[in-house]
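A.B. asks: I'll drop the sequence and a predicted model, then ask my questions.
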Amino acid sequence: MSSQSGTVTDGDTSETRPPRVPNPDRPGGRLAGLALVVITVAMGVVAGPLGAVGGGVTAVGWYLLGTPYAIAIGHVVLVVLFPDGLSPLSIVLLEAGLLTLVVAAATGERYPLRFAVTALVGVTVLGGLTAVLVRTQPFWLAALGLVVAAGVLAYGLHRVELVRLGLVTDPVAETTDETPAET
């Protein structure tokens, strides 16, 4: 039943609410939630309670910043949790969790295959870089290298997006058609 102020009580089924629209910044919905659970459990299995906290930090990064940042945060968390390195099996387990997040994010995109391939390349680069840096560099240098690599990847994708949307102009093409005066 409706009150005179326009609010709807619990018993009124004639209420017209706008349809629930998923947040475009957080594609994937339930599948992304499942992916974050997989990531948290995988980090917990590999690193114990501290790993579960790292998975939680990755989930918060996803919620606040989005999928690409969550993947970068997940890789930096791996370096923080394992400054002495990881076994190949552990890396595969943790990367599988991050790839699940990529698949979840791809389901909400206009071109899911293109998105998935791009994200897969980024995750593969970060995963391989994580494995190499953790085994060959001191802890602080490995973390710094991952942050720089994630930044370069993010900037490159940003520039590609600007070009695809036609938001980048070519200063050479914008010159006037006037020819310089001959002397």
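C.D. replies: Structure received. The structure displayed is predicted, hence computed values, not measured ones. Numbers count the residues shown, from 1 in each chain.
A.B. asks: give the residue spans of the protein that score low on pLDDT.
C.D. replies: By pLDDT under 70, the low-scoring segments of the chain are 1-29, 83, 85, 171-183.
A.B. asks: how about the helices of it, start to end?
C.D. replies: With DSSP state H as the criterion, the chain has helices at 30-47, 49-65, 67-81, 88-106, 112-136, 139-164.
A.B. asks: what is the longest one packed up against?
C.D. replies: Applying 3 or more Cβ pairs under 8 Å, 6 or more residues apart in numbering; DSSP states H and E, one finds that helix 139-164 makes contact with helix 67-81, helix 112-136. Glycine gets a C-beta too; all of them are placed from N, C-alpha and C.
A.B. asks: export the ones you listed to a markdown table and append columns for distance to residue 51 and mean neighbour count.
C.D. replies: Below are those laid out as a markdown table (distance: least, Cβ to Cβ, whole Å; neighbours: other Cβ atoms under 10 Å):
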| stretch | distance to residue 51 | mean neighbour count |
| --- | --- | --- |
| helix 67-81 | 6 | 23 |
| helix 112-136 | 15 | 16 |
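A.B. asks: of all the ones you listed, which one is nearest residue 42?
C.D. replies: Of all the helices and strands packed on helix 139-164, it is helix 67-81 that lies closest to residue 42, at 9.8 Å by Cβ to Cβ.
A.B. asks: coming back round to it: mind checking which of the helices and strands packed on helix 139-164 is nearest residue 91?
C.D. replies: It's helix 112-136; of these, that one is closest to residue 91 (Cβ to Cβ) at 5.6 Å.
A.B. asks: run the angle between the closest one and helix 88-106 for me.
C.D. replies: Per axes from the mean of the first three to the mean of the last three Cα atoms, to 10 degrees, the angle that helix 112-136 makes with helix 88-106 is 150 degrees.
A.B. asks: and helix 112-136 with helix 139-164, angle?
C.D. replies: 160 degrees.
A.B. asks: who touches helix 112-136?
C.D. replies: Applying Cβ atoms under 8 Å, 6 or more residues apart in numbering, the contact partners of helix 112-136 are 67-68, 71-72, 75, 78-79, 82-86, 88, 91, 95, 98-99, 102-103, 105-106, 109, 141-142, 145-146, 149-150, 153, 157.
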